[in-house]
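In: Here is a sequence together with a model predicted from it:
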Amino acid sequence: MAGPDMPPRVSLVAPIYRHELYLAECLASFARQDWPELELVLIDDCSPDDSFRLAEAICAEPAFRARFSRIHVERNTANRGAPATLNAAIAASTGAVVMIVNTDDVYAPGRVAACMAAVEAGHELVFTGVACIGPDGAQLHSAEALRFEGAVEEAAGFPLLSLAFLGGNAAISTGNFCITRALLNRVGGFRDLAYCHDWDLALRCCLVTEPFLVAEAHYLYRLHGTNSFRALEGVAERESRFLLRDFFDALLAGNATNAPLAAIAATPGMLDALLLAGVPREEWRDARAGRAPRRLQPPALAVPTPLQPAGRRDLLNRRLGGAPCLVAASGEVHEDGWIEEACSLSFLSTVARGVLELRIFLPQGHRHRDLVVARRQDGVEGRQAIRLAGGEMATVAIPSQGAWTVLHLAITVRGGEQMGGDERILGANLLSVAWRESAA
């Protein structure tokens, strides 16, 4: 075990099955990692080829053994399948952090250190960008490869990474997971799902903590004719129905301890509003019912986002000085006669101490407008009134009552002239919404 002055031990755990052609390259990529405290656990699941004998031979080489603080190699007495073999490998490991490995894939240099930097910053489920390689190890640029690589990149576009996992394993592969042992102890190991065991574990982790993405492509995912996903796609529908229902049952029952995800789920309509922006309504309904959706696309989060007449839902997202801001807003705009325009927004606070800043601009040629902003957060209510003349911009600062709580706003604009068409003030001129963190 790592001493008090040593970095945490990282366990590289790998089930082996019929990867004789790729195993040597995979293991060599582990030995090249620069993290000083590495443990290697390999369990062969009765491979019909020479994978197990090759693994034993490589692990017996003195130079290879010297690279690891501990090596454990064994072979199942009977074929048990990936989930059971993964659980056995995790149980045989001793590290504070577990990095799961598929032995047909390759770790890029520095992958372990990059993941551990995120772990030491407080993240418990980490994955990285992906680059696809072929049987010969050369990078691929096929449509299939670009689809896999793009799926990980798209995950970064979701306001919460946990939401990206609702459409599938956003990390692409079990081998892209870096998980603290403490988190594994809380959620349990892999369940007996032949195809979706990786996605299932990720969703259960998302109920507890937000995943973290290291954007660089530190995981080299090999595409070849015998990838397991090609043979098991037929069971995906059945398994995804089970795991999605299980996830939503836990989420909607209030069992999520992942604070941002729990706050969204606890706000009526907010979860639906967020996901409807990124997936057609019928697919989201299928996901809620436990049927496998096609992979979700991240919501379009452009600013400014015009609020349209009732029925249109919009999301805003902006970073100010690197601080994350609005996670979700669902709004309806309506007119009361000639003189009133209003919208209702719900924001997820992302800072413990700070303010939400709204910037609204009134174009030249308009008469004055009176803005009334009513707010409610954790039972605390307040109102702010601002008069805005043509050509002026107003900044409305709303104090936050704490991170991962929902701030509800009702904004009303009143004026002395007809409003309609391109004169809609909130529609065209809600310039930005951003969280600004205050000094402690």
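Out: In hand now; what should we look at?

In: which strands and helices sit next to the strand or helix carrying R375?
Out: Counting by DSSP states H and E, the element that carries R375 is strand 369-377. Here strand 369-377 touches strand 380-388, strand 393-399, strand 406-415, going by 3 or more Cβ pairs under 8 Å, 6 or more residues apart in numbering; DSSP states H and E. In short, each C-beta sits where N, CA and C put it, glycine included.

In: what comes up buried for it?
Out: Going by neighbour count (16 or more other Cβ atoms under 10 Å), the buried part of strand 369-377 is 369, 371, 373, 375, 377.

In: Lowest-confidence one in those residues?
Out: Looking at those by pLDDT, the weakest one is R369, with 72.

In: Same list as before, the helices and strands packed on strand 369-377 that is, but in JSON lines and with distance to G110, mean neighbour count and mean pLDDT included.
Out: Shown next, in JSON lines, are these (distance: least, Cβ to Cβ, whole Å; neighbours: other Cβ atoms under 10 Å; pLDDT from 0 to 100):
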{"stretch": "strand 380-388", "distance to G110": "46", "mean neighbour count": "12", "mean pLDDT": "84"}
{"stretch": "strand 393-399", "distance to G110": "42", "mean neighbour count": "15", "mean pLDDT": "79"}
{"stretch": "strand 406-415", "distance to G110": "39", "mean neighbour count": "19", "mean pLDDT": "71"}
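
In: Ranking helices and strands of this structure by mean pLDDT, which lands last?
Out: strand 334-336 (a mean of 46; mean pLDDT, DSSP states H and E).

In: Helix or strand: which one has the residue lying closest to R65 once chain neighbours are set aside?
Out: Once flanking residues are discounted, R65 sits nearest to I71: 6.1 Å by Cβ to Cβ, 6 or more residues apart in numbering. Assigned by DSSP H and E, I71 belongs to strand 70-75.

In: With E154 instead?
Out: helix 143-155.

In: need the longest helix for this protein.
Out: helix 236-252 (DSSP state H).

In: Sort out which residues of that one are buried, please.
Out: Buried residues in helix 236-252, counted by 16+ other Cβ under 10 Å: 236, 239-241, 243-244, 246-248, 251.

In: What residues sit buried inside whichever helix or strand comes after that helix?
Out: As assigned by DSSP H and E, the chain's next helix or strand after helix 236-252 is helix 259-266. Neighbour-count burial for helix 259-266 flags 260-265 (criterion: 16+ other Cβ under 10 Å).

In: which helices and strands sit right next to helix 259-266?
Out: helix 161-164, helix 236-252, helix 270-276, strand 340-348.

In: now the third one: mean pLDDT?
Out: What that stands for is helix 270-276. Here the average pLDDT along helix 270-276 is 60.

In: what's the answer for the last one, then?
Out: pLDDT averaged over strand 340-348 equals 64, rounded to a whole number.

In: and if you look at the longest one?
Out: Per-residue pLDDT values across helix 236-252 average out to 82.

In: Let the chain start at 297 from now.
Out: Understood, numbering begins at 297; the last thing we discussed is helix 532-548.

In: Also compute the angle for that helix relative to helix 555-562, please.
Out: Counting by axes from the mean of the first three to the mean of the last three Cα atoms, to 10 degrees, helix 532-548 lies at 90 degrees to helix 555-562.

In: Remind me what helix 532-548 packs against, helices and strands.
Out: Applying 3+ Cβ pairs under 8 Å, 6+ apart, one finds that helix 532-548 makes contact with helix 493-502, helix 555-562, helix 577-584.

In: Which other helices and strands does the first one contact?
Out: In this structure, helix 493-502 packs against helix 378-388, strand 421-429, helix 477-483, helix 532-548, with contacts taken as 3+ Cβ pairs under 8 Å, 6+ apart.

In: can you list these in TSV and add distance to A498?
Out: Listed next are these as TSV, based on distance: least, Cβ to Cβ, whole Å:
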stretch	distance to A498
helix 378-388	13
strand 421-429	7
helix 477-483	10
helix 532-548	10
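
In: who touches the strand holding I367?
Out: With contacts defined as Cβ atoms under 8 Å, 6 or more residues apart in numbering, strand 366-371 is touched by 335-340, 342, 348, 351-352, 355, 361, 388-390.

In: What pairs with that strand, parallel or antiparallel?
Out: Paired neighbours of strand 366-371 in the sheet (DSSP bridges): strand 334-340 (parallel).

In: Can you give me the domain boundaries for this structure?
Out: Following automatic domain parsing, the chain resolves into domains at 306-545, 547-584, 630-733.

In: pLDDT below threshold where in the stretch 297-446 of the chain?
Out: 297-300 (pLDDT under 70).

In: which residues touch stretch 689-698?
Out: Contacts of stretch 689-698 (Cβ under 8 Å, 6+ apart): 645, 647-658, 667, 669, 671, 673-674, 676, 678, 680, 682, 684, 703, 705, 727, 731.

In: Could you rerun that using 6 Å?
Out: 645, 647-648, 650-657, 669, 671, 673-674, 676, 682, 684 (Cβ atoms under 6 Å, 6 or more residues apart in numbering).

In: what about stretch 503-513, average pLDDT?
Out: 96.

In: Assign A374 to helix, strand or coil.
Out: Under DSSP: H, G, I helix; E, B strand; the rest coil, the three-state class of A374 is coil.

In: For burial, what's the neighbour tally of it?
Out: 6 (other Cβ atoms under 10 Å).
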